[in-house]
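> I'll drop the sequence and a predicted model, then ask my questions.
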Amino acid sequence: METIYEFTLPRGYMDRNGEIHRQGKMRLATAGDEISATRDPRVLSNPSYLTIVILSKVITELEGVPTVSANMIEGMFTADLAFLQDMYQRINDIEAPVMTCTCPDCGKSFEVPLNFTLEG
């Protein structure tokens, strides 16, 4: 099973020296990554910061950058942030599970998304 995925940012992260960094690696997220991110004080004061913290945990490498931090992710161009969010969702297969059902009247099969939340 593949657990680390290479990527190329569409625009690239620009560091303080004006150098652009585009090649990187992202690993699959763990439950611990998501749990610890929800406990981060920055997320507690601003829930929209959750994405930034999680990405800083799962991006293991960005060419020429010694460590990836939440501040670095925050400084990325919006196109790169959107790219990384999409990649995170794709590699972690964040898609609602489905169940195949059969209509008792007509016998036709169809898929129904399963929702495990308590919301209606």
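Structure's in. What do you need? Residues are numbered from 1 along each chain as shown.
> Quick one: end-to-end distance for stretch 46-60.
Chord length of stretch 46-60, first to last residue, is 24 Å (Cα to Cα, to the nearest Å).
> Give me the residues contacting it.
4, 24-29, 33-34, 36-38, 40, 42-43, 68-70, 72-74, 81, 84-85, 88 (Cβ atoms under 8 Å, 6 or more residues apart in numbering). The C-beta positions use only the backbone N, C-alpha and C, and glycine is treated the same way.
> May I ask which helix or strand encompasses E34?
Element membership of E34, judged by DSSP states H and E, is helix 31-39.
> got a list of contacts for the very next helix or strand once past that helix?
Downstream of helix 31-39, the first helix or strand assigned by DSSP H and E is helix 41-45. For helix 41-45, the surrounding residues in contact (Cβ under 8 Å, 6+ apart) are 37, 49-50, 52-53, 70.
> in its sheet, what does the longest strand belonging to the chain sit against?
Longest strand in the chain, counting residues (DSSP state E): strand 4-14. Under the criterion DSSP bridges, strand 4-14 sits next to strand 20-27 (antiparallel) in its sheet.
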